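S.K.: Any chance you could fold what I've pasted below:
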Amino acid sequence: MTKTLTEHGNSLALVIDKPILDLLNITRETPLKVTTDGHSLLISPEQSAAHKKILRSALAAVNRKHGATLRKLAE
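M.R.: Predicted structure coming up:
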């Protein structure tokens, strides 16, 4: 999909289509993280503290159960 920027006051805005917002569960209140590698923009919903806690817990469980195997695969 190719998009163009829209004038918004003295700034430019990127309008994101509703199907994409719905797919990513982004609302007007969702904080978005904007990063760049110097050539491209990456815009993603910022992870909440609760989501990060769940992710860390799941990762710890995987490491407890499969840590030795993962270390062997990394060699």
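S.K.: And stretch 40-53, what's buried?
M.R.: For stretch 40-53, the neighbour count (16 or more other CB atoms under 10 Å) marks no residue as buried. The C-beta positions use only the backbone N, C-alpha and C, and glycine is treated the same way.
S.K.: residues making contact with it?
M.R.: With CB atoms under 8 Å, 6 or more residues apart in numbering as the test, stretch 40-53 has contacts from 14, 24, 25, 26, 30, 31, 32, 33, 34, 35, 36, 55.
S.K.: could you flag which of these are buried?
M.R.: By 16+ other CB under 10 Å, these give residue 26 as buried.
S.K.: contacting residues around residue 33?
M.R.: Residue 33 neighbours (CB under 8 Å, 6+ apart): 43, 44, 45, 46.
S.K.: Now do the buried residues in the lengthiest helix in the chain.
M.R.: The longest helix of the chain (DSSP state H) is helix 49-74. Residues of helix 49-74 classed as buried by neighbour count (16+ other CB under 10 Å): none.
S.K.: Output the contacts of residue 33 as JSON lines; include the columns pLDDT and secondary structure.
M.R.: Output for the contacts of residue 33, formatted as JSON lines (pLDDT from 0 to 100; DSSP: H, G, I helix; E, B strand; the rest coil):
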{"residue": "43", "pLDDT": "92", "secondary structure": "strand"}
{"residue": "44", "pLDDT": "89", "secondary structure": "strand"}
{"residue": "45", "pLDDT": "87", "secondary structure": "strand"}
{"residue": "46", "pLDDT": "85", "secondary structure": "coil"}
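S.K.: Which one of those residues is nearest to residue 2?
M.R.: Distance ranking of the contacts of residue 33 against residue 2, using CB to CB, places residue 43 first at 15.5 Å.
S.K.: so what's residue 39 scoring on pLDDT?
M.R.: Residue 39 is assigned a pLDDT of 95 by the prediction.
S.K.: re the thing from before, which ones among the contacts of stretch 40-53 map onto helices?
M.R.: Using DSSP H, the contacts of stretch 40-53 in helices are residue 55.
S.K.: Between the contacts of stretch 40-53, which sits nearest residue 70?
M.R.: Proximity of the contacts of stretch 40-53 to residue 70 was ranked by CB to CB; the top entry is residue 55 with 16.8 Å.
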